[in-house]
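Visitor: 3D, please:
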Amino acid sequence: MPRELPSLNAIRAFESVARLPSFRRAGDQVHVTQSAVSRQIQKLQAELGQALFARNGPRLKLTDRGREYYTVVQQGLGVIKRGTERLFRHDSPALTISTTPSIITNWLVPRVGDFEHRHAGTSLHLNSSPAITDFAVSTDIDVGIRFGKGRWPNVTADLLVDDEIFPVCRADIARRLKRPGDLLGEQLLTESPSWDLWTDWFAAAGVPHSPPKPFRLSDDFYVQLQATLLGRGVTLARGLLVGDALREGRVVCPFPIAAPSRLQYYVVCHPDRHDERAIVMLRDWLIETARATVADLPALIERSARPR
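Guide: As a prediction, this is how the structure comes out:
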């Protein structure tokens, strides 16, 4: 065991070589020569008394102990990077949420003002991305909103809202629908690559027939909603994303029937930051606001489904 911790330069060189894996490319990344990287790795291995790399012909690979150490080093450098960036952000307090364009457009944007009013001096930045946030890499992201079953590696996940699915369309389309089975004759829109969601809803509505394959216009609900507003068909919606449109009368729910959703939205963050004061503040606001958004959903659905 070394009496002192290895130098940070040696640690950075090791992390770069392990990730790339190449002495030359690691040298380019840490701005030293290839031979300097090689010397740092040799010194690190001597200090640790362990072989961290082995060669398989021309290829460089981590040993079992090297892989174990690489995991620890990645975590440690990540903590240092996140802590440094939080210090820089203290002069300009802002929190960043990464989520899909549909969540941002249909739900978050109209509510940013409420957060900034409640938490004066702290602003929200919205990062629009369909990609799943890797908090080990995207250290500028404070929380994400993900859609799924709440089980992802290397994050903590808190249920945002327990939402349901139900059909929505324009009022002129709803007027020609007399019973749930009539939807089988309409163009059914979906953001899902399968028609499982429509199958779930028809089962909840007591319609024994499998629906025809829906038309997948886009994998983002914002596009689906725009198509619905243009009269292109009937789409399945969740209260979080369509609640405002229902309240404003831009869409209606033709039948007061909702089905449980197999997947839900979750607030996720890096496990090391779950109990951080700013993260708790933002997460509590997101959950409170989301649940308030859908609180009157049953009444909205019932009202919009009345004879038109």
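
Visitor: check residue 209 and give its pLDDT.
Guide: pLDDT recorded at residue 209 is 69.

Visitor: show me where the stretch 201-308 of the chain has strands.
Guide: Taking DSSP state E, counting those that start in this stretch as the test, the strands found in the stretch 201-308 of the chain are 234-238, 259-260, 264-269.

Visitor: winner for burial among those strands?
Guide: Of all the strands of the stretch 201-308 of the chain, strand 234-238 has the most neighbours on average by mean count of other C-beta atoms under 10 Å, namely a mean of 25. Yep, even glycine has a C-beta here, placed from its N, CA and C like the rest.

Visitor: what about the stretch 101-250 of the chain, any weak spots by pLDDT?
Guide: Counting by pLDDT under 70, the stretch 101-250 of the chain has low-confidence residues at 136-138, 192-194, 209-211, 214.

Visitor: can I assume residue 240 is in contact with residue 290?
Guide: Yes: using C-beta atoms under 8 Å, residue 240 and residue 290 qualify as a contacting pair, with a distance of 5.9 Å.

Visitor: please enumerate the shared neighbours of the two.
Guide: 107, 160-161, 265 (C-beta atoms under 8 Å, 6 or more residues apart in numbering).

Visitor: show me the chain divided up by domain.
Guide: 8-87, 92-160+264-294, 164-263+296-304 (automatic domain parsing).

Visitor: who's in contact with the residue nearest to the spatial centre of the chain?
Guide: The residue lying closest to the centre of the chain (C-alpha atoms, centre = their mean) is residue 146, at 3.0 Å. By C-beta under 8 Å, 6+ apart, the contact list for residue 146 reads 99, 132-133, 152, 157, 265-266, 268.

Visitor: one more pass at 6 Å, please.
Guide: Listed by C-beta atoms under 6 Å, 6 or more residues apart in numbering, the contact partners of residue 146 are 266, 268.

Visitor: the helix or strand where it lies versus strand 234-238: what angle between them?
Guide: In this structure, residue 146 sits in strand 143-148 according to DSSP states H and E. Angle of strand 143-148 versus strand 234-238, following axes from the mean of the first three to the mean of the last three C-alpha atoms, to 10 degrees, is 130 degrees.

Visitor: partner strands of the following helix or strand past strand 143-148 and their direction?
Guide: Once the chain leaves strand 143-148, the next helix or strand it forms, by DSSP H and E, is strand 156-161. The strands beside strand 156-161 in its sheet (DSSP bridges) come out as strand 264-269 (antiparallel).

Visitor: which residues sit against the partner strand?
Guide: 143-147, 150, 155, 157-160, 279, 283, 286.

Visitor: would you mind listing the buried residues in stretch 109-121?
Guide: 111, 115, 119 (16 or more other C-beta atoms under 10 Å).

Visitor: helices - which of those land there?
Guide: Here DSSP state H is the test, and these give residue 115 as lying in helices.

Visitor: can I get the buried residues of stretch 109-121 in JSON lines including distance to residue 216?
Guide: Output for the buried residues of stretch 109-121, formatted as JSON lines (distance: C-beta to C-beta, whole Å):
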{"residue": "111", "distance to residue 216": "29"}
{"residue": "115", "distance to residue 216": "33"}
{"residue": "119", "distance to residue 216": "39"}
